[in-house]
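**Q** quick one, structure for this:
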Amino acid sequence: MSRIMDDDTARLERERKYHNKAFAEDLRKSVDKFYETIESSRDAHWHALMPLAKGCRVLEYGCGPGSAAFNLARHGAQVVGIDISDVAIAQSKAQAQAENLEIDFRRMNAESLEFEDNTFDIIVGSAILHHLDLDKAYKELHRCLKPGGKAVFIEPTGHNPLLNCYRKLTPQLRTVDEKPMRLKDFRKATSYFSEVTVDYYNLFTTAAVVFRNRPYFKKILSSLDRLDQWSFRWIPGLKYWGWMAVMILQKGRP
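**A** Residues are numbered from 1 along each chain as shown. The predicted model follows:
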C-alpha cells in the first residue's frame, strides 16, 4: 500500500510540475493550429453544457485561463474551478478578477476532491481525465455529483495509429503519465454511472489545418466534419480513430 501511495504522489507531482511549466511558458502554443480543426467537438461539448448551466452549481474539473469556467459564470452558473497547477489557479484568479467574475478557483487533486457528497449539479472537464487514475476520478465525480447530475467531458482518444505516432514524436508536449482515452476507459465509466454516452469527432477534419489561413478554411472544415459524421455512421468502427470524444456521465437517482 505504501508503494502505491508513493507512486501516486510522484505521479501527481510530475503532473503539477509539468502543468506549472506549461501554463507559465505556454508550451502548447506550437500546436494551437491543430486545435482550430476540432471546432465540431468543442461545439458539441459546449452545447451539452449550456442547457444545464444557468443557476446550477458547477465544478470545472481541471481549469485554466480561458477555460469553460468563465463562460459558465457569464451564463449564470455558480462555478468552482480546480486544478493541480499552482500557475493555472493564479492565472485563472487574475482573469476572473479582471473580468469581475465571481468564480472560486482552488488548487486541488482531482482524484481526491475536497467537497461533500452530492455538491454539484454539473461537472465539466476538457482533456483532463486522460491524466488521471480513472477509477479514482470516476468514483470522486460520482460522489460529488448530485443525484441526476451530469458530468460532461471532452477528451482525446488513443486508437488512431497516426495520432499515436505523432504523440511519440512530440513527448515535450505531454506528461509521461497521460494516456489518451481508449474504448475500455470509456466503458469503465459504466461501473460508476447510470448512463454513459460517448460521441466521436475529428478524424478527417485535422486535414483542414493546411488551409487555416485561407478565407475558405471554415467551408473546408465544415465539409470534412460532414465527412467524419457520414463515415462514422456507415463504417462505425472508424469513429474510434477520431481525435476527440465528448462523454456525458449521468448519476442515477435514488
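
**Q** buried residues in stretch 184-204?
**A** Neighbour-count burial for stretch 184-204 flags 185-186, 188-189, 192-193, 196, 198-204 (criterion: 16 or more other CB atoms under 10 Å). For glycine as for every other residue, the C-beta is placed from the backbone atoms N, C-alpha and C.

**Q** how about stretch 235-253?
**A** 238-251.

**Q** and stretch 139-153, by the same measure?
**A** Using 16+ other CB under 10 Å as the test for burial, stretch 139-153 gives 139-142, 144-146, 149-153.

**Q** what is the end-to-end distance of that stretch?
**A** Stretch 139-153 has an end-to-end distance of 15 Å (CA to CA, to the nearest Å).

**Q** now Val58: phi and psi?
**A** Val58 has phi and psi values of phi -120, psi 140 when expressed as degrees, to the nearest 10.

**Q** what's the neighbour count on it?
**A** Using other CB atoms under 10 Å, Val58 has 26 other residues around it.

**Q** and for Lys54?
**A** Lys54 has 10 neighbours, counted by other CB under 10 Å.

**Q** please name the nearest non-neighbouring residue to Asn118.
**A** Lys146 (4.8 Å; CB to CB, 6 or more residues apart in numbering).

**Q** pLDDT value on Leu12, please?
**A** Leu12 is assigned 88 on the pLDDT scale.

**Q** check which element follows the helix or strand containing it along the chain.
**A** Element membership of Leu12, judged by DSSP states H and E, is helix 2-25. Next helix or strand after helix 2-25 toward the C-terminus (DSSP H and E): helix 32-35.

**Q** contacts only, for Ser92.
**A** By CB atoms under 8 Å, 6 or more residues apart in numbering, the contact set of Ser92 is 63-65, 67, 69, 81, 83, 103, 105.

**Q** thinking again about what came up before, widest-spaced pair of the buried residues of stretch 184-204?
**A** Spanning the widest gap among the buried residues of stretch 184-204 are Tyr192 and Phe204, at 32.8 Å by CB to CB.

**Q** so which of the buried residues of stretch 235-253 comes closest to Lys33?
**A** So of these, ranked by how close each gets to Lys33 (CB to CB), first place is Trp243, at 13.7 Å.

**Q** mind listing the helices for the stretch 101-250 of the chain?
**A** Counting by DSSP state H, counting those that start in this stretch, the stretch 101-250 of the chain has helices at residues 134-144, 161-169, 183-188, 217-234.

**Q** deepest-packed of these, please.
**A** helix 134-144 (a mean of 19; mean count of other CB atoms under 10 Å).
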